[in-house]
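*Asks:* Build me a structure from this.
(chains A and B, ligands or ions: 2)
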Amino acid sequence: MRRNTDATQRSILRIRDALAEALSVIAQRPVRTLLTALGTILGVGAFVTTTGLAETARAQVSSRFDALRATEVRVQDAAPDGTNPFPVDVDERLEQLNGVNHAGLTFAIPDNGTIQARNTATRPTGTTTPIPVIAATPGAIDASLPTMAAGRNYDQWHQQRGEHVALLGRVAADQLGITRIDHQPVVFLADTPYTIIGILDDVRRNPDLLLAITIPTTSADAQFDTRSVERNVIIDTAPGAAQLIGTQAPLALRPQQPERLQSLVPPDPKTLRNQVEGDVQSLFYALSALALLIGAVAITNATLLNIIERRPEIGLRRALGARRTHITAQITLEAALTGIIAGTIGAILGIAAVTAVAVTRTWTPTIAPAVLLAAPLIGVLTGALAGLIPALKASRTPPADTLRG
Amino acid sequence: MTVAAASTADTDVVVVDGLTKTFPGPPAVTALHPCTFSIRRGDYTAITGASGSGKTTLLSLLGLLDTPSAGRYLLDGIDVAGLDDRERSAVRAHRIGFVFQAFHLVGYRTVIDNVELGLLYQGVPKGQRQRRALDVIEQVGLSHRRHARCTTLSGGEKQRVAIARTLVRDPALVLCDEPTGNLDSTTTQQILELLDSLHRSGMTIVVITHDPVIAAGAPRQLTISDGVLTERQPTHATQH
Ligand SMILES: Nc1ncnc2c1ncn2[C@@H]1O[C@H](COP(=O)(O)OP(=O)(O)OP(=O)(O)O)[C@@H](O)[C@H]1O
Ligand SMILES: [Mg+2]
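*Replies:* Ligands and ions are numbered 1, 2, ... in the order given. Okay, here's the model as predicted:
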């Protein structure tokens, strides 16, 4: 049977066997394999780190800071001339607009030392740290996204009537020794008593409110000289509405002369951040690619040396019946395995780096599974491509020459 | 002489007609001048010649490791002259066994791995490879060393592994190039006895040697001198 010409007798290398052969070569020289893989490890590691860090930062930022900044619009006097450019009903006009959650006017009341907020009728002799006084419409306070420690915000009724009511920021309240409002505490502003109806525990915008005593703008205009103050409007918008509200607000406030007002719209923060991050990221991707290229060259070099060293073995395999393609396949497979090992180690290092950075900033490390799957894939492709030239060269080794002697 | 493939296929493993090898220089070297001979199944043939006379060149042609410049070659009934790499590899994989002076074992692998390598490109499944490898390792008396790395073996042991690797393939033709060239006289004797026992079990063996004493032990001897092959001491009726 064997002795007869049998067309089915082919030279075969089973895939399992090819893998086992390649693995045995790799396992034989673990240190050399690692050294060969170093560049690829760095390349893949840099890729995973870059992608992971960008993603982690983006997830972090957009979950907290971004949302707040992206929904904030401010409107200012574009050409201050000592007159008040804003109408009296700022809150109503703006809150009619679609996409506005809260809006209102606010300004700081200049204090030449005579206001001296205090909780007793008589002025103390010693100077204490003065408590700033801020004027704000109810909408402006709501747009600052406050949480109350006690009481409530004043409303349009107080605002329109110029009531002598006030909110205390948490810090100012501590300073004045006021912790409760159920007994209607009173604070004197230049001898005029104001009833405290609420204490602010925290605000997400305008942190100055926490240090100050805040009164309705109508009350401030009535009592103090507010002609030269710098007024501005703050608007809390629905997500994504800031740009539109920025163009609509001046018209809503001054239909006859909108150009007198200027909107400060946050540059669409996502675009901006992506752009900035994008630049840094492309640089890192370029560096990753460079490391990969160096890694590929390293694998090519090591494989070339390796096949020269193994010429007799390759000749022997040919003598035992290996086809050229079998030799090509085996050498490529060895390089590809080196690549896959490099990719895996690189991914692990990348995860470690991203986690380390995230932990030190108390962020949640975020890496897309696709990136982790891509890592060994990049490794295997780098290895296979790098190994191809040496593999083809090895397959052309004439067996007679390598086995001589 | 003309080769009649059909009539010789059953008895002749090797039928060579005008086989020539010229290495294209410069300068061009004709390492083997046209030669014509045949080797019958079960023959034990020694080819002797001085160093550089063309012994290895002839063996490489017979083993399909190299291609002839001219001439016909029927191996085991197959005209191998016109085959491509794929087909030549298949013939090598299934019909030829080699034993080299330098052993050519894969040093970092174990004895059993090296013997199994003989079956790898025949596509024999792993389990069967292992079983057959253990069988022949026992036959060459190396069972106790079957898991040893080949780098740790003595020269004689290495050559026995190489012979086991050939044996396991059950080839139509075994080609040995100075199989005892790297061994001392005692070990040489052991290896020759091993080859002898293979011959007695029916294998077709060609041994190349420059040692006339070793050649004298072979039933049939060919001599090569400056690339010219001559029959020395015909013990078989090989002149057709
Ligand atoms: N690839 C080659 N290119 C050119 N010449 C070659 C090549 N291979 C062998 N030769 C020449 O062919 C001749 C025969 O070489 P071969 O190796 O067959 O001799 P040998 O009888 O096996 O010698 P030894 O006993 O030393 O092994 C030598 O002159 C050698 O230099
Ligand atoms: Mg030789």
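
*Asks:* Surely residue A:85 touches residue A:256?
*Replies:* No. Counting by CB atoms under 8 Å, residue A:85 stays clear of residue A:256, with 11.3 Å between them. Quick note: C-beta positions are derived from backbone N, CA and C, even for glycine.

*Asks:* neighbour-wise, which of those two wins?
*Replies:* More neighbours sit around residue A:85 than around the other of residue A:85 and residue A:256, counting by other CB atoms under 10 Å in any protein chain shown; the figures are 19 against 6.

*Asks:* what's the residue nearest the centre of chain B sitting at in phi/psi?
*Replies:* The structure's chain B has its C-alpha centroid closest to residue B:175; by CA atoms, centre = their mean the separation is 0.6 Å. In terms of degrees, to the nearest 10, the main-chain angles of residue B:175 are phi -110, psi 120.

*Asks:* For it, which residues are in contact?
*Replies:* Neighbouring residues of residue B:175 by CB atoms under 8 Å, 6 or more residues apart in numbering or on different chains: B:59, B:62-63, B:96-99, B:206, B:208.

*Asks:* any chance you could map the strands in the stretch 51-200 of chain A?
*Replies:* Using DSSP state E, counting those that start in this stretch, the strands of the stretch 51-200 of chain A run over A:72-77, A:100-109, A:133-136, A:146-151, A:165-169, A:186-189, A:192-203.

*Asks:* Please name every helix or strand in contact with the first one.
*Replies:* Going back to what we said before, that points to strand A:72-77. For strand A:72-77, the elements it packs on are strand A:232-237, helix A:242-253, strand A:261-264, judged by 3 or more CB pairs under 8 Å, 6 or more residues apart in numbering or on different chains; DSSP states H and E.

*Asks:* how about the ones you listed in JSON lines, adding distance to residue A:371, mean pLDDT and mean neighbour count?
*Replies:* Shown next, in JSON lines, are the helices and strands packed on strand A:72-77 (distance: least, CB to CB, whole Å; pLDDT from 0 to 100; neighbours: other CB atoms under 10 Å in any protein chain shown):
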{"stretch": "strand A:232-237", "distance to residue A:371": "34", "mean pLDDT": "94", "mean neighbour count": "26"}
{"stretch": "helix A:242-253", "distance to residue A:371": "32", "mean pLDDT": "92", "mean neighbour count": "20"}
{"stretch": "strand A:261-264", "distance to residue A:371": "37", "mean pLDDT": "91", "mean neighbour count": "18"}
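
*Asks:* Select, out of these, the one closest to residue B:188.
*Replies:* With CB to CB, the closest approach to residue B:188 among the helices and strands packed on strand A:72-77 belongs to helix A:242-253: 93.6 Å.

*Asks:* Can you get me the centre-to-centre distance for that closest one and its chain?
*Replies:* The chain centroid and the centroid of helix A:242-253 are separated by 28 Å, computed with CA atoms, centre = their mean, to the nearest Å.

*Asks:* Equivalent analysis for stretch B:130-139, please.
*Replies:* Once both centres are worked out by CA atoms, centre = their mean, stretch B:130-139 turns out to sit 20 Å from its chain's centre.

*Asks:* what's the answer for stretch A:256-266, then?
*Replies:* In terms of CA atoms, centre = their mean, the gap separating the centre of stretch A:256-266 from the centre of its chain is 30 Å.

*Asks:* returning to what we had before: tell me which of the strands of the stretch 51-200 of chain A lies nearest to residue A:401.
*Replies:* Ranking the strands of the stretch 51-200 of chain A by distance to residue A:401, with CB to CB as the measure, places strand A:72-77 first at 77.8 Å.

*Asks:* Tell me which strands that closest one pairs with, and in which orientation.
*Replies:* Here strand A:72-77 has these sheet partners by DSSP bridges: strand A:232-237 (antiparallel), strand A:261-264 (antiparallel).

*Asks:* what's the angle between the first one and helix A:242-253?
*Replies:* Spelled out, it's strand A:232-237. 130 degrees (axes from the mean of the first three to the mean of the last three CA atoms, to 10 degrees).

*Asks:* Where does the prediction get shaky in chain B?
*Replies:* Within chain B, the set of residues satisfying pLDDT under 70 comprises B:1-10, B:233-240.

*Asks:* how about the helices in it?
*Replies:* Using DSSP state H, the helices of chain B run over B:5-8, B:55-62, B:85-95, B:111-120, B:126-139, B:155-167, B:185-200, B:212-216.

*Asks:* Count the residues that sit near residue A:157.
*Replies:* 11.

*Asks:* buried ones in stretch B:194-204?
*Replies:* Applying a neighbour-count criterion of 16 or more other CB atoms under 10 Å in any protein chain shown, one finds B:194-195, B:198-199, B:203-204 buried in stretch B:194-204.

*Asks:* Report whether that stretch contacts chain A.
*Replies:* No. Counting by CB under 8 Å from any CB of the partner chain, chain A has no neighbours in stretch B:194-204; the shortest distance is 10.3 Å.

*Asks:* which other residues reach that stretch?
*Replies:* Counting contacts by CB under 8 Å, 6+ apart, the residues outside stretch B:194-204 that touch it are B:13-14, B:39-44, B:140, B:160, B:163, B:167, B:171-174, B:176, B:179, B:205, B:207, B:217.

*Asks:* Please repeat the previous calculation with a cut-off of 6 Å.
*Replies:* B:13, B:41-44, B:163, B:173-174, B:205 (CB atoms under 6 Å, 6 or more residues apart in numbering or on different chains).

*Asks:* Which of the residues you listed fall in strands?
*Replies:* Within the contacts of stretch B:194-204, residues falling in strands by DSSP state E are B:13, B:44, B:173-174, B:205.

*Asks:* measure residue A:130 to ligand 1 for me?
*Replies:* Distance check for residue A:130 against ligand 1: by CB to the nearest ligand atom, to the nearest Å, it reads 101 Å.

*Asks:* Then residue B:109?
*Replies:* When distance is defined by CB to the nearest ligand atom, residue B:109 is 27 Å away from ligand 1.

*Asks:* So what does that residue look like in phi/psi?
*Replies:* The phi/psi pair for residue B:109 (degrees, to the nearest 10) reads phi -100, psi 160.

*Asks:* Roughly how far does it sit from chain A?
*Replies:* Distance from residue B:109 to chain A, counting by CB to the nearest CB, to the nearest Å: 7 Å.

*Asks:* Contact distance from chain A - what residues of chain B qualify?
*Replies:* Taking CB under 6 Å from any CB of the partner chain as the measure of proximity, chain B contacts chain A at B:56, B:60, B:65-66, B:77-78, B:85-86, B:89-90, B:92-94, B:98, B:104, B:106, B:108, B:120-121, B:123.

*Asks:* Next to ligand 1, which bits of the stretch 301-405 of chain A? Give me the list.
*Replies:* The stretch 301-405 of chain A has residues A:401, A:404 near ligand 1, with proximity defined as CB under 6 Å from any ligand atom.
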